[in-house]
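J.: with the sequence up front, the predicted model follows.
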Amino acid sequence: MEYPQINIKLLSEEDRELVKQAKQRAEDLRLTFKEFVLSCIRNALSEESPDSATAAEIEALKAQIAALSEKVSIPSATKTEVHTLQERVNQLRVGISNEIKKDREQLASLTLALSRLESQIEQLVPSLNLQVDGEVNSNSDGDWLFGEDSGAELPLT
C-alpha cells in the first residue's frame, strides 16, 4: 500500500523561518508537526471562516481534544450509580467485619473448649497413677481405685 507523502524544499530563509514558527505553534498547541500541518491544510481548503488563523487554532484545539479524549478514558457515572457503588462497598465492608468477628468468637470458643479439656485431662492424670518422666507414682503398689495398699491383706471369705 502506498501512502501519500509531501516533500517541500524550502530554500529561502523566510521559508525556513516559517517552518520554525509552525513547529513552535504546533508545540504550543501540543500537537505533532504533522497534525498541525494537516490541520492548516484542512482549514485552507474549507471556506467556513474568513479568519484562517483563528480557524487553524480551532481545528488544532479540536484535534488536541480528540487526541486527549482517546488517551484519557474516564468512565462516566450518574450520582445515583456512584451512591449505589458506595453503598455496596460499605455493605461488603460490614459483611467482612462481621465474618471476622464471627471467626474471632469461634476461635475464642474453641480456645476455651481446649482449655477445659486440658484441665480435665490434668485432673485424670494423678488418679490414673500414670508414670511421669520415668518415675512410678508412690502409690503404684496400692489399689488406685480404693486408695488401699496392695500389700495389705484382703480378708478371705
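T.: Now that the structure is in, tell me what you want to look at. Numbering: from 1, shown residues only.

J.: quick check, central residue of this structure?
T.: Ranked by distance to the mean C-alpha position of the chain (C-alpha atoms, centre = their mean), the top residue is residue 89 at 13.6 Å.

J.: which stretches of this protein aren't confidently modelled?
T.: Counting by pLDDT under 70, the chain has low-confidence residues at 47-53, 55, 73-75, 126-157.

J.: so where do the strands sit in the chain?
T.: Under the criterion DSSP state E, the chain contains strands at 142-143, 148-149.

J.: in terms of contact, does residue 26 touch residue 33 like I think?
T.: Yes. Residue 26 lies in contact with residue 33 (C-beta atoms under 8 Å); the separation is 5.0 Å. (C-beta placed from N, C-alpha, C; glycine too.)

J.: who has more neighbours, these two?
T.: Using other C-beta atoms under 10 Å as the criterion, residue 26 and residue 33 rank with residue 26 on top: 19 against 13.

J.: neighbours of the closest residue to the more buried one other than its chain neighbours, how many?
T.: Using C-beta to C-beta, 6 or more residues apart in numbering and skipping residues adjacent in sequence, the residue nearest residue 26 is residue 36, 3.5 Å away. Residues near residue 36, counting by other C-beta under 10 Å, number 23.

J.: can you name the residues that contact residue 36?
T.: 22-23, 25-26, 29, 60 (C-beta atoms under 8 Å, 6 or more residues apart in numbering).

J.: recalculate using a threshold of 7 Å.
T.: Contacts here follow C-beta atoms under 7 Å, 6 or more residues apart in numbering; on that basis residue 36 touches 22, 25-26, 29, 60.

J.: got these as CSV, with distance to residue 78 columns?
T.: Shown next, in CSV, are these (distance: C-beta to C-beta, whole Å):
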residue, distance to residue 78
22, 44
25, 40
26, 38
29, 34
60, 33
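
J.: out of the residues you listed, who has the most neighbours?
T.: That'd be residue 60 among these, by other C-beta under 10 Å, with 22 neighbours.

J.: what about that residue, distance to residue 71?
T.: Using C-beta to C-beta, to the nearest Å, we find residue 60 at a distance of 17 Å from residue 71.

J.: also residue 13?
T.: Distance of residue 13 to residue 71, given as C-beta to C-beta: 37 Å.

J.: ok, now residue 91?
T.: From residue 91 to residue 71 the distance is 35 Å (C-beta to C-beta).
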